[in-house]
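# Any chance you can model this:
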Amino acid sequence: CPNGIAHTYMAAEALNKAAQKLGIPCKVETNGSDGPQNVLTADEIAACDGIIVAADKNVETARFDGKPVLFAHVDDGIHKPEQLLQSVLDGKIPVFHSTVRESDKNLLEQNRGGSAKDSLGHTLYKHLMYGISHMIPFVVGGGIMIAIAYLLDDYSIDPANFGMNTPAAAFFKTVGSAVFNYMLPILASYVAISIAGEPALAVGFAGGVLAMNGTNFTGLLNCQVDGVSGGFLAALLAGFVAGYVVLFLKKITEKLPKSVSGLRPMLIYPLGGVFVMGVFMCGINPVMGIINDFITNWLNSLGGTSAILLGAVSAVMMSIDMGGPFNKAGYLFGTAALASGNYEVMASVMVGGMVPPIAIALSTTFFPKKWTPDERRNGVINYVMGLCFVTEGAISYAASDPLHVIPSCAIGAATAGALSMAFHCGLRAPHGGIFVFPVATNAPMYCVALAVGSILGGLILSLLKKNLPQEQSSES
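Numbers count the residues shown, from 1 in each chain. All right, here's what the predicted structure looks like:
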C-alpha cells in the first residue's frame, strides 16, 4: 500500500489465513510504513512454487528473476486472497524476468489481478500516493512542532510575533517551519522517483523548490528569486514532469557507448533534467500561483453554511469507502488545503476518518446481539484504530454488511465534520488521530465533534441492523 499503515497488514493477514485454509505453506513479506518486515531470504525464494506481489507502489522485484510471479493490487490481497493463491497452485502465471522485454510486458500486465494493464488513471494515482506517503512525515513532524510553539508562547508579549516570543516557542517554530516548508520539494521528488527511479531525485526536488518559491521569468528579470508560490498543485505537477523528463533522457541516451554510460546518472540526468525543469517551472509558475491564490482565498472566505457543508462533504469522503479512492481523494484535498494554510479542512477530514471504526466499536459494545462473537471481539480493536485515525478498521464490517454500515458511518462522519468546521477546529498535522488533538485549534470542541459523530453513527447502525439469531450471536 502507498501509505503502508493498514492495507499492507490487512492483505498479509488475509493471505496467511487463506493459505492455512488451503493447507499450503506461505510466507508474507510486508513493506509498510515501518519498512520491510519478514523479508524473504534467497533460499526461500528459490524453493517456493510462486510469488504474489500485491502492491500499489513500485517495489524491488529483481530478486524474483526466474520465478513465476503474479502481480496484483493490494486490495486483491485483502478481498480475494484464495483466488491469488489458487492461481499460483494451478501454474497459471508466467515466469518473471527482471529485465523485462517489451514482448513480456503485456503478459505480466495481463496477470495483474487477472485484469488488463493498469489504466492511466491508476498509474498516475500510484505515483501520486508514493509522493504523498513520503511527504506526510514532514507535514506531521513540522506541523506538530509549529503547533507546540503556539502552545508554549505568550501572546501578550508581541501579538505580531506570536509563536516566536519565547526561546522555547522560537525553537519549536523555527525547526518545525524548516521541516514543514520542505514538504512540497519532497512531494515532487518522490513522485518523480516513483516514475523514473532514483535518478529523478534531484530533478524532482529542484522542481518542487521552484514551485514552492514561485520562481518565474518576470521576477528574474527584476532580480527577484521568489514570486507567488504555486503551492501543492505546482509541486505535484513538477514531480510528474520531472519523472517523465528523466524517462525521456534515459530513452535518448540509452545507446551511448559504454565508456560514457556512467555519465548518464551523474551528469546528463541531473544537468539536463534540472535545466528543463527550470525553464518549465519558471514558465508555468505564474499560472499555478494564480490558481493557488484562488483556491486559498476561496477556502479562507468560506463561512457559515458553505464552510459547514465543506466540512461535512470532506468528512463523508473519508468514510464512504474507508481507504478507497474517495477516501484518498478526501485526504488529498485536506493535505492540499493544509499546504495552502487552511487547517480547518484537515480537521474535518481527520475526524471524518476516525468516526467509522469508533461507531462500529460502540455498536458492537452496546448492542452485542446484532453482532457475531468474532465481530464483537474485533470491535474492541476498532476503538484503538479509530482513535489512531486508521479508517480501514471498518473495512471488514462494511464488506459484510455495506447497506447498513456505510450509510451509518457516512452520516456520523458528516455530522462530525460539520461540527468541526462549525466550531472552527483546526489541525496542522495530517495524521496521528487523538495523539495530535492537544495541538488542535479548539481541541475541546473537536473532541465533542468526534464524540457526537461516533455516537450518532453507532446508534443509526444499531437501529438499522436486526438482532442475529441466538445461535449466531452467542459463543459456540
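# Walking through the stretch 301-450 of the chain, point out its helices one by one.
With DSSP state H, counting those that start in this stretch, the ranges of helices along the stretch 301-450 of the chain come out as 305-320, 325-339, 344-366, 373-387, 395-400, 402-422, 443-464.
# Buried residues in the second one, which are they?
Using 16 or more other CB atoms under 10 Å as the test for burial, helix 325-339 gives Asn327, Lys328, Gly330, Tyr331, Leu332, Phe333, Gly334, Thr335, Ala336, Ala337, Leu338, Ala339. Any C-beta I mention is one placed from the backbone N, CA and C, and that applies to glycine too.
# can you check the third one too?
Applying a neighbour-count criterion of 16+ other CB under 10 Å, the buried positions in helix 344-366 are 344-364.
# report the angle between the axes of that helix and helix 305-320?
Computed by axes from the mean of the first three to the mean of the last three CA atoms, to 10 degrees, the angle separating helix 344-366 from helix 305-320 equals 50 degrees.
# same check, this time on the second one
Helix 325-339 and helix 305-320 are oriented at 130 degrees to each other (the same axes, to 10 degrees).
# on contacts alone, who are the packing partners of helix 325-339?
helix 120-152, helix 231-253, helix 305-320, helix 344-366 (3 or more CB pairs under 8 Å, 6 or more residues apart in numbering; DSSP states H and E).
# ok, residues contacting that helix?
For helix 325-339, contacts defined as CB atoms under 8 Å, 6 or more residues apart in numbering pick out 125, 128-129, 132, 135-136, 139, 143, 183-184, 231-233, 295, 299, 314-321, 343, 345-346, 348-350, 352-353, 391, 428, 430.
# Show the backbone phi and psi for the closest residue to Gln37 other than its chain neighbours.
Computed as CB to CB, 6 or more residues apart in numbering, the closest residue to Gln37 that is not its neighbour in sequence is Thr30, at 4.9 Å. Dihedral angles of Thr30 (phi, psi; degrees, to the nearest 10) stand at phi -110, psi 150.
# For Ala46, see how far away Thr30 is.
21 Å (CB to CB, to the nearest Å).
# Look up phi and psi at the most far-flung residue of the chain relative to its centre.
Centroid-distance maximum for the chain: Ser259 at 41.9 Å, with CA atoms, centre = their mean. Main-chain dihedrals, Ser259, degrees, to the nearest 10: phi -60, psi -20.
# the domain parsing of the protein - what is it?
The record's domain parsing of the chain by automatic domain parsing lists 7-110, 120-299, 305-473.
# Could you point out which residue ranges in the stretch 301-450 of the chain have low pLDDT?
302-303, 323 (pLDDT under 70).
# 90 - rerun?
For the stretch 301-450 of the chain, residues meeting the criterion pLDDT under 90 lie at 301-307, 317-343, 368-381, 385, 388-402, 427-440.
# With the stretch 101-250 of the chain instead?
In the stretch 101-250 of the chain, residues with pLDDT under 90: 101-165, 177-178, 180-184, 196-198, 212-234.
# need the helices and strands packed on helix 325-339 in JSON lines with distance to Leu220, can you?
Formatted as JSON lines, the helices and strands packed on helix 325-339 follow (distance: least, CB to CB, whole Å):
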{"stretch": "helix 120-152", "distance to Leu220": "27"}
{"stretch": "helix 231-253", "distance to Leu220": "17"}
{"stretch": "helix 305-320", "distance to Leu220": "37"}
{"stretch": "helix 344-366", "distance to Leu220": "34"}
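# hey, which of those helices is tucked in deepest?
Burial of those is given as mean neighbour count (mean count of other CB atoms under 10 Å); helix 344-366 ranks first at a mean of 29.
# still on that earlier bit, with respect to Phe217, which of the helices of the stretch 301-450 of the chain lies nearest?
Closest approach to Phe217 among those (CB to CB): helix 325-339, 24.2 Å.
# send the alpha carbons of the closest one over as PDB?
What follows is helix 325-339, C-alpha atoms only, in PDB (Å, rounded to 0.1, in the frame of the first residue of the first chain):
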ATOM      1  CA  PRO A 325     -10.500   6.200  -4.000                       C
ATOM      2  CA  PHE A 326     -13.000   8.600  -2.300                       C
ATOM      3  CA  ASN A 327     -11.100   8.300   1.000                       C
ATOM      4  CA  LYS A 328      -7.800   9.100  -0.700                       C
ATOM      5  CA  ALA A 329      -9.300  12.000  -2.600                       C
ATOM      6  CA  GLY A 330     -10.700  13.500   0.600                       C
ATOM      7  CA  TYR A 331      -7.300  13.100   2.300                       C
ATOM      8  CA  LEU A 332      -5.500  14.600  -0.600                       C
ATOM      9  CA  PHE A 333      -7.900  17.600  -0.500                       C
ATOM     10  CA  GLY A 334      -7.200  18.100   3.200                       C
ATOM     11  CA  THR A 335      -3.500  17.900   2.700                       C
ATOM     12  CA  ALA A 336      -3.600  20.400  -0.200                       C
ATOM     13  CA  ALA A 337      -5.600  22.800   2.000                       C
ATOM     14  CA  LEU A 338      -3.000  22.300   4.700                       C
ATOM     15  CA  ALA A 339      -0.300  23.200   2.300                       C
END
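# got the angle between it and helix 120-152?
Using the same axes, to 10 degrees: helix 325-339 against helix 120-152 is 40 degrees.
# Helix 325-339: how far from the chain's middle?
Averaging C-alpha positions (CA atoms, centre = their mean, to the nearest Å) puts helix 325-339 9 Å from its chain's average.
# the inter-axis angle of that helix versus helix 402-422?
10 degrees.
# What is the neighbour count of the residue nearest to Gln37?
Thr30 sits with 18 neighbouring residues when counted by other CB atoms under 10 Å.
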